[in-house]
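K.L.:
A predicted structure for the sequence below; I have some questions about it.
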Amino acid sequence: MRALRLAIYFGLLAGAWALGWPRFALLATLLASGAAYAPEVPTWAVWLPLAAGVLVYSLVFLLAAARRWELGLGHHGAVVVLFGAVLLARLWGELAGAAEAGPPSEPPPTFRLSQAAARLDAGLQALARVRGGGPGTYPAAQAELERLASVDGALPLSGFRSHGWPARIALRVVPDAAGPVLLPRPGDGAGTLYVALAADRGRYWITLVGLSRYPTGEPALLLAEDGAPFVLTPTAGEPRRAEGGRP
């Protein structure tokens with residue numbers, strides 16, 4: 001009789017894992033990753049407690065089976081409630097998703113990063129028109145460059161998530177450069193915007209870092225349509241093929 005009861009509740013736990021696995025796996029990916037992109041993020045307040053409950057009771061029942069513990073009615077009831085809660089959450093999520101079917105409301109990271117780079121590029125070219133161009137035209141101060149790329153006083157969100165939380169674009173200034181940054185530097189992750197400045201501050205190169213694959217991957221430069229790195233310079237308002245080496 002005890003073996004039959006355990007089999008029933010193990011079956012309920014297995015069903016809860018199967019029903020919730022798409023959300024549980026995505027939660028684990030987002031929480032474990034320093035940079036991840038997932039357009040659809042599970043409702044944390046619902047799915048995180050459910051994942052914790054299913055995990056805890058799976059371990060409890062495994063130990064009970066191994067050590068021949070007698071579990072009270074409350075534990076069995078908790079498993080039934082967990083199974084029902086996961087089932088309802090899954091059905092609610094699918095119904096809500098069907099009701100809201102359509103294009104994603106949030107733009108992808110590639111769009112956000114390109115938009116931030118274009119905003120910074122436009123600000124720098126406006127400075128060049130005021131200052132007449134030439135050496136010393138472009139600022140090297142981090143704060144001034146961030147101000148040009150900012151929206152409402154802060155760098156915009158990158159579209160990536162860092163350990164589950166929305167992450168902002170990070171701006172890195174590279175002084176005394178001979179060309180654009182063509183490889184992500186150690187410690188710089190997805191959502192980084194590089195501004196390489198020539199030694200005389202009369203020229204700059206802007207490159208952007210995304211992910212090599214989704215939802216997680218290695219930091220990789222964003223590419224233009226021709227497969228070359230997406231580079232903005234003071235002599236071109238449009239992305240063009242990068243020339244020169246990494247500073």
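P.N.:
Cool, got the structure.
K.L.:
now for the lengthiest strand in the chain, which elements pack on it?
P.N.:
Longest strand in the chain by number of residues (criterion: DSSP state E): strand 204-211. Judged by 3 or more C-beta pairs under 8 Å, 6 or more residues apart in numbering; DSSP states H and E, strand 204-211 is in contact with helix 109-131, strand 192-197, strand 219-221, strand 231-233. For every residue, glycine as well, the C-beta is placed using N, CA and C.
K.L.:
Ok, which of those comes nearest Y9?
P.N.:
Distances from Y9 to each of the helices and strands packed on strand 204-211 were compared using C-beta to C-beta; the minimum, 42.8 Å, belongs to helix 109-131.
K.L.:
For the closest one, the averaged confidence score.
P.N.:
Averaging pLDDT along helix 109-131 yields 92.
K.L.:
and the angle from that helix to strand 192-197?
P.N.:
Helix 109-131 and strand 192-197 meet at an angle of 30 degrees, taking axes from the mean of the first three to the mean of the last three C-alpha atoms, to 10 degrees as the criterion.
K.L.:
Give me the residues contacting helix 109-131.
P.N.:
The list of residues contacting helix 109-131 from outside it, by C-beta atoms under 8 Å, 6 or more residues apart in numbering, reads 37, 107, 137-139, 145, 148-149, 151, 155-160, 169, 171, 190-191, 193, 195, 204, 206, 208-211, 222, 230, 232, 234, 237.
K.L.:
If we use 6 Å, what do you get?
P.N.:
Helix 109-131 is touched from outside by 37, 137-138, 148-149, 156, 158-160, 169, 206, 208, 210, 232, with contacts defined as C-beta atoms under 6 Å, 6 or more residues apart in numbering.
K.L.:
quick one, domains of the chain?
P.N.:
Taking automatic domain parsing as the domain assignment, the record places the domains of the chain at 2-99, 109-240.
K.L.:
can you count the residues close to R5?
P.N.:
Counted by other C-beta atoms under 10 Å, the residues lying close to R5 total 11.
K.L.:
Can you give me the separation between it and H75?
P.N.:
11 Å (C-beta to C-beta, to the nearest Å).
K.L.:
Distance from the chain centre to the longest strand of the chain, please.
P.N.:
Relative to its chain's centre, strand 204-211 lies at 16 Å (C-alpha atoms, centre = their mean, to the nearest Å).
K.L.:
what's the single longest helix in the protein?
P.N.:
Among all segments of the chain classified by DSSP state H, the helix with the greatest residue count is helix 2-32.
K.L.:
buried ones in that one?
P.N.:
The neighbour-count check on helix 2-32 (16 or more other C-beta atoms under 10 Å) flags 6, 9, 12-13, 16-17, 19-20, 23-24, 26-27, 30 as buried.
K.L.:
now that helix, how far from the chain's geometric center?
P.N.:
That offset, for helix 2-32, works out to 26 Å (C-alpha atoms, centre = their mean).
K.L.:
Which residue comes closest to A78 once chain neighbours are left out?
P.N.:
Y57 (6.4 Å; C-beta to C-beta, 6 or more residues apart in numbering).
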